[in-house]
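Participant: Structure for this input, please:
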Amino acid sequence: PKLMICLCNTSNVVSLQWLEQSARMQTVLDTKPFLWLNDKKAQKAYNFDMETTLNNGMLARKRRGGLLGGWCVYICQGVAGNKAPPMDELRMMVEGASGI
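Facilitator: Have a look, this model is predicted:
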């Protein structure tokens, strides 16, 4: 759930080099040169465009205060913990995305 919550709060999906170089320099480097926008394998496998997805997320956070801002999310009985995360983790993900 940590990754899902992070993605609800930032559009900065960066390469490992950003973390390594920031640690080496002992400062938080600008993320722009390290943005991870070209994972062609994942984009093809899941039929999405990373740049478009990140831009859509940024717009949703601005317009609605979160990816799920203004939305009520209902989780049907039998979903949590079955092939989905446990209920407490699902709740954290929904709340992290500003859902109700």
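Participant: And residue 67, its phi and psi?
Facilitator: phi -60, psi -30 (degrees, to the nearest 10).
Participant: That one against residue 8, yeah?
Facilitator: Yes: with contact defined as C-beta atoms under 8 Å, residue 67 counts as touching residue 8 (5.0 Å). C-beta: built from backbone N, CA, C; applies to glycine.
Participant: Quick check: residue 40 vs residue 48, distance?
Facilitator: Note on residue 40: its distance to residue 48, by C-beta to C-beta, to the nearest Å, is 11 Å.
Participant: of these two, who's got more company?
Facilitator: Legend: neighbour count by other C-beta atoms under 10 Å for residue 40 and residue 48, higher for residue 48 (11 against 8).
Participant: Alpha carbons of the helix or strand hosting residue 63, as PDB, please.
Facilitator: Element membership for residue 63, per DSSP states H and E: helix 50-64. Extracted in PDB, the C-alpha atoms of helix 50-64 (Å, rounded to 0.1, in the frame of the first residue of the first chain):
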ATOM      1  CA  MET A  50       3.500   6.700 -18.000                       C
ATOM      2  CA  GLU A  51       3.700  10.400 -18.900                       C
ATOM      3  CA  THR A  52       0.000  10.700 -19.600                       C
ATOM      4  CA  THR A  53      -0.800   8.700 -16.400                       C
ATOM      5  CA  LEU A  54       1.400  11.000 -14.300                       C
ATOM      6  CA  ASN A  55      -0.100  14.200 -15.900                       C
ATOM      7  CA  ASN A  56      -3.700  12.900 -15.300                       C
ATOM      8  CA  GLY A  57      -2.800  12.200 -11.600                       C
ATOM      9  CA  MET A  58      -1.400  15.700 -11.200                       C
ATOM     10  CA  LEU A  59      -4.600  17.300 -12.700                       C
ATOM     11  CA  ALA A  60      -6.800  15.100 -10.500                       C
ATOM     12  CA  ARG A  61      -4.900  16.200  -7.400                       C
ATOM     13  CA  LYS A  62      -5.200  19.900  -8.400                       C
ATOM     14  CA  ARG A  63      -8.900  19.700  -9.300                       C
ATOM     15  CA  ARG A  64     -10.300  17.400  -6.700                       C
END
